[in-house]
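A.B. asks: okay, structure incoming, though there's no sequence with it:
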């Protein structure tokens, strides 16, 4: 398949680096400042070197990437809320040209799911989005496998940064600010960590799960989610939980038509008490009990494998 | 899809019961003693009632089920070793008629994988087998998703009976014979539990994983597996492990071309220390770290969902 990649951050770069190994050709790689475009296949290494040295992947206009030759558009620009632009516009442009879209960007399917599905119905192209929920973890493909109607609820730990902070606080008895600073030093938390620690990122993933499970019967956006982060959680709460054989995790949940994210007490050694940056999703199934899937929920190569699995699905 | 089901035990009966809900028609249900066959769709409830009352699902010859009208043959007769008969013969007959085969029976793909793939290449029909490894857990579909070449190793707890016995022994400080008798009372262990407690069942699943991961470069059978069961494990070993923060599980492993099953020390609260009859599979991936999938590894409805997910894959 010929792949055009919008977004040259950790995920977009990793998709570009791994695409050849999967037998695909990268015909464009773009970020907001420039693009490398070649219908015969760009030189990925040169483009990424140039980004590192000069801050741009190539001298072409980013719009040329969108208008160029490709079978699949990989949308890996940063997630935005509300109108989900510019990601939504990129998706629309590709679908209007009857091209497939693989999303790593959560915005379009968290904030405008019905619009995305409406555009997809008018197009020969399809929209896949495994990478938007839980990085490398096969969450949406498992739901698809069971049939969304046979999953009665989903819950889990869906943000590695918040989980790192909580599990370090619990294990070391340290305060929130201390552990957050440590996480920032390690590159686990961003300079502005609000998206992660306030629960927004976990909520977007839950909203996407809710949309997939609702199968169009109802549309969810971030505004439908009841979201509480971990910023105001005192270390004493973790100590109290610990005395009771429990700990606290930022749990996202989709059940009975509601989407909720917040700190919850969970058994200290139970499945939901994953440590460090690991994620877990629990699916309650109609006939097969509870399924757990856990793994690395973020990271460039990890998320890129989910993107490339989607590309392979379109190819088969 | 029209489904013919061979085997009317827990799995075959559950497939028959759930097939209608999935939009499929059961055109035959057979065990070794008789069959209900109707190209327009059998009455599943009547057939299962008759089995309960009279011991046979219907008055037709089981061979008529195999020769009848269907798109997919579900092979759910008991797993046999060596020549894997009669399951292998059923699979061959269906493939020679260009019909698809969905296996719940582990024998054909554990003992005669190359033969199965050779027959499949000559047929318009395909062979799927998600139900043979880990019941409801999406193990083979996850491997397929990643591409078998990108999974570097697999390990896990693949037999619920052995795991129930070990986790009860560890939790209650009871001896093997005592817990086994309890498991038999609960219906968790069979009257002859040797297939489970000697590691054979777990080994067959590992052999299937090894065959899938080898992608035809090498064929594995049970004879290639190094297998040790849990029968001779003294309770004192569990006590010693416990003093060290560890426990013992029957772990199957596929790595570096070898298949091994045996009791192993694992961290007491780690991912591999699942309790009761739960199973877990860990996949080591090339670019995405370690993935864990856990859930119910056996049971009629659980395994039937995996069978029906395979049927849906053939339908799409």
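C.D. replies: Sure thing, it's come through. All values derive from a computational prediction rather than experimental measurement.
A.B. asks: so what's the residue nearest to the spatial centre of chain A up against?
C.D. replies: For chain A, residue A:132 is the residue whose C-alpha lies nearest the centre (Cα atoms, centre = their mean; 2.9 Å). Neighbouring residues of residue A:132 by Cβ atoms under 8 Å, 6 or more residues apart in numbering or on different chains: A:103-106, A:109-110, A:140, A:204-205, A:208. In this view, the C-beta of every residue, glycine as well, is placed from N, C-alpha and C.
A.B. asks: OK, contacts around the residue lying closest to residue A:188 once chain neighbours are set aside?
C.D. replies: Closest residue in space to residue A:188, ignoring its immediate chain neighbours: residue A:164 at 5.0 Å, by Cβ to Cβ, 6 or more residues apart in numbering or on different chains. With contacts defined as Cβ under 8 Å, 6+ apart, residue A:164 is in contact with A:179, A:183, A:188-189, A:276-277.
A.B. asks: before we move on, what about residue A:184?
C.D. replies: The neighbourhood of residue A:184, defined by Cβ under 8 Å, 6+ apart, consists of A:190-191, A:193.
A.B. asks: taking the stretch 201-316 of chain A, what residue is nearest to chain B?
C.D. replies: residue A:288 (3.4 Å; Cβ to the nearest Cβ).
A.B. asks: can you check the pLDDT for that residue?
C.D. replies: Model confidence at residue A:288, given as pLDDT, is 94.
A.B. asks: look at the residue nearest to it when sequence neighbours are not counted and give its secondary structure.
C.D. replies: The spatial neighbour of residue A:288 that comes closest, neighbours along the chain excluded (Cβ to Cβ, 6+ apart), is residue B:136 at 3.4 Å. What DSSP: H, G, I helix; E, B strand; the rest coil gives for residue B:136 is coil.
A.B. asks: can you verify my assumption that residue B:136 contacts residue A:284?
C.D. replies: No - Residue B:136 is beyond contact range of residue A:284, at 11.9 Å (criterion: Cβ atoms under 8 Å).
A.B. asks: list the buried residues in the lowest-mean-pLDDT helix or strand in chain A.
C.D. replies: The helix or strand with the lowest mean pLDDT-type score in chain A, counting by mean pLDDT, DSSP states H and E, is helix A:235-243 (a mean of 92). Residues of helix A:235-243 classed as buried by neighbour count (16 or more other Cβ atoms under 10 Å in any protein chain shown): A:235, A:237-238, A:241.
A.B. asks: one more: stretch A:92-102?
C.D. replies: Residues of stretch A:92-102 classed as buried: A:92-95, A:99-102 (neighbour count, 16+ other Cβ under 10 Å).
A.B. asks: what mean pLDDT does stretch A:123-141 have?
C.D. replies: Stretch A:123-141 comes out at a mean pLDDT of 96.
A.B. asks: quick one: end-to-end distance for it.
C.D. replies: 22 Å (Cα to Cα, to the nearest Å).
A.B. asks: now swap in stretch A:79-94 and tell me
C.D. replies: 18 Å.
A.B. asks: could you list every residue that touches the residue lying farthest from the centre of chain A?
C.D. replies: Computed with Cα atoms, centre = their mean, the maximum C-alpha offset from the centroid of chain A is found at residue A:243, amounting to 34.3 Å. For residue A:243, no residue meets the contact criterion (Cβ under 8 Å, 6+ apart).
A.B. asks: can you check the one 3 residues further on too?
C.D. replies: Taking Cβ under 8 Å, 6+ apart, we find residue A:246 in contact with A:265-268.
A.B. asks: so residue A:126 is in contact with residue A:316, correct?
C.D. replies: No - with contact defined as Cβ under 8 Å, residue A:126 does not count as touching residue A:316 (12.0 Å).
A.B. asks: next, see if the helix or strand where residue A:305 lies gets close to chain B.
C.D. replies: Secondary structure assignment for residue A:305, by DSSP states H and E: helix A:300-315. Yes - using Cβ under 8 Å from any Cβ of the partner chain, helix A:300-315 comes into contact with chain B via A:301-302, A:304-306, A:309, A:312.
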